[in-house]
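**Student:** here is a sequence with its predicted model. Questions after.
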Amino acid sequence: MSPQTTFDVEFTDTVAVVTGASGALGSAVVDRFRNAGATVCAVDVVEPDDDDSLLEPDDRTHFYEVDLTDESEVSTLIEDVVDDHGRIDHLCNVAGTWRGGQPIEETDLEEFDMLVDVNLKTAFLASKHALPHLQESEGAIVSISARSSLEGGEGDGPYRITKAGIRLLTETLAEENEGVVRANCVMPSVIDTPMNREMMSDADHEKWVDPGEIANVMAFLCSDGATVTSGAAVPVYGEA
């Protein structure tokens, strides 16, 4: 990949909620929005590592430990964010996980339920409870789908199903909030993260997309430069 570049977006005096903030992509999104001037509410079920300086709390970065699959916790989270910061302008639904390797007839229900909960339910609940505040601010939602959601495939069907659900959730949010709240999603292929490098040690890592490059696209989709874009599923494959 070519060296990562950034572009100017201006989020001063706005508030961004980023779920899955302790992961590689989530922390890159936190950093991108913070550098653009936003107050960032970083949300995850686990606290970030002590050495993760991207999520070190400061006057514009605030961490909230929340189980995003629990509706009562999500409702309380949104109330707390608004109480603490007065508004919500951007919602980045990054929380998610990958599992694969088994055909449907060999997939445990527990694994299917887990993928639905972590990949789709979290985005649904965060969007549901943030929407009244996003409607007030005429804000934006960006969620994480996947390139593999565009077709069926062998071994990771439940993952693909949940990520296809993200695309349909995005289209529904866009349709229901036309002219008020913009909703888009991005579709990565393979993201260059430490976990993916460990799982696919023999792959060509040079073709993978850096999390910061995906964060750039998500920032653009929340910016004034994308005011005419809603309901889109944007490829962020790079060369992967």
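**Tutor:** Looks like it came in fine. Please read these numbers as outputs of a predicted model, since none were measured by experiment.

**Student:** drop to CA atoms for contacts and neighbour counts, all remaining ones
**Tutor:** Noted.

**Student:** quick one: the strands in the chain?
**Tutor:** 15-19, 39-44, 61-65, 90-93, 140-144, 182-188, 233-236 (DSSP state E).

**Student:** now do the same contact list for D8.
**Tutor:** A36 (Cα atoms under 8 Å, 6 or more residues apart in numbering).

**Student:** and H133, how far from V82?
**Tutor:** Here the distance between H133 and V82 works out to 8 Å (Cα to Cα, to the nearest Å).

**Student:** hang on, the earlier thing: reformat the strands of the chain as JSON lines; add mean pLDDT and distance to E154.
**Tutor:** JSON lines is the format used below for the strands of the chain (pLDDT from 0 to 100; distance: least, Cα to Cα, whole Å):
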{"stretch": "strand 15-19", "mean pLDDT": "98", "distance to E154": "29"}
{"stretch": "strand 39-44", "mean pLDDT": "98", "distance to E154": "30"}
{"stretch": "strand 61-65", "mean pLDDT": "96", "distance to E154": "35"}
{"stretch": "strand 90-93", "mean pLDDT": "98", "distance to E154": "26"}
{"stretch": "strand 140-144", "mean pLDDT": "98", "distance to E154": "21"}
{"stretch": "strand 182-188", "mean pLDDT": "97", "distance to E154": "18"}
{"stretch": "strand 233-236", "mean pLDDT": "96", "distance to E154": "21"}
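
**Student:** mind checking which of the ones you listed is nearest G155?
**Tutor:** strand 182-188 (18.5 Å; Cα to Cα).

**Student:** could you check how far the residue of the chain most remote from its centre is from E154?
**Tutor:** Most distant residue from the mean C-alpha position of the chain: E105, 29.8 Å away (Cα atoms, centre = their mean). From E105 over to E154 the distance is 12 Å, taken as Cα to Cα.

**Student:** ok, C222 next?
**Tutor:** From C222 to E154 the distance is 34 Å (Cα to Cα).

**Student:** so these two - more neighbours on which side?
**Tutor:** Taking neighbours as other Cα atoms under 10 Å, C222 and E154 compare with C222 leading, 26 against 10.

**Student:** quick one: that one and V142 touch, right?
**Tutor:** Yes: C222 is in contact with V142 according to Cα atoms under 8 Å; the separation is 7.3 Å.

**Student:** list the contacts for the residue nearest to E151 when sequence neighbours are not counted?
**Tutor:** Nearest residue to E151, sequence neighbours excluded (Cα to Cα, 6 or more residues apart in numbering): R160, at 7.7 Å. Applying Cα under 8 Å, 6+ apart to R160 gives the contacts A146, S148, S149, L150, E151, G152, G153.

**Student:** with distance to A21, neighbour count and pLDDT added, can I get the residues you listed in JSON lines?
**Tutor:** Putting these into JSON lines (distance: Cα to Cα, whole Å; neighbours: other Cα atoms under 10 Å; pLDDT from 0 to 100) gives the following:
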{"residue": "A146", "distance to A21": "18", "neighbour count": "24", "pLDDT": "93"}
{"residue": "S148", "distance to A21": "23", "neighbour count": "19", "pLDDT": "87"}
{"residue": "S149", "distance to A21": "22", "neighbour count": "21", "pLDDT": "91"}
{"residue": "L150", "distance to A21": "26", "neighbour count": "14", "pLDDT": "92"}
{"residue": "E151", "distance to A21": "28", "neighbour count": "10", "pLDDT": "92"}
{"residue": "G152", "distance to A21": "29", "neighbour count": "13", "pLDDT": "92"}
{"residue": "G153", "distance to A21": "28", "neighbour count": "13", "pLDDT": "87"}
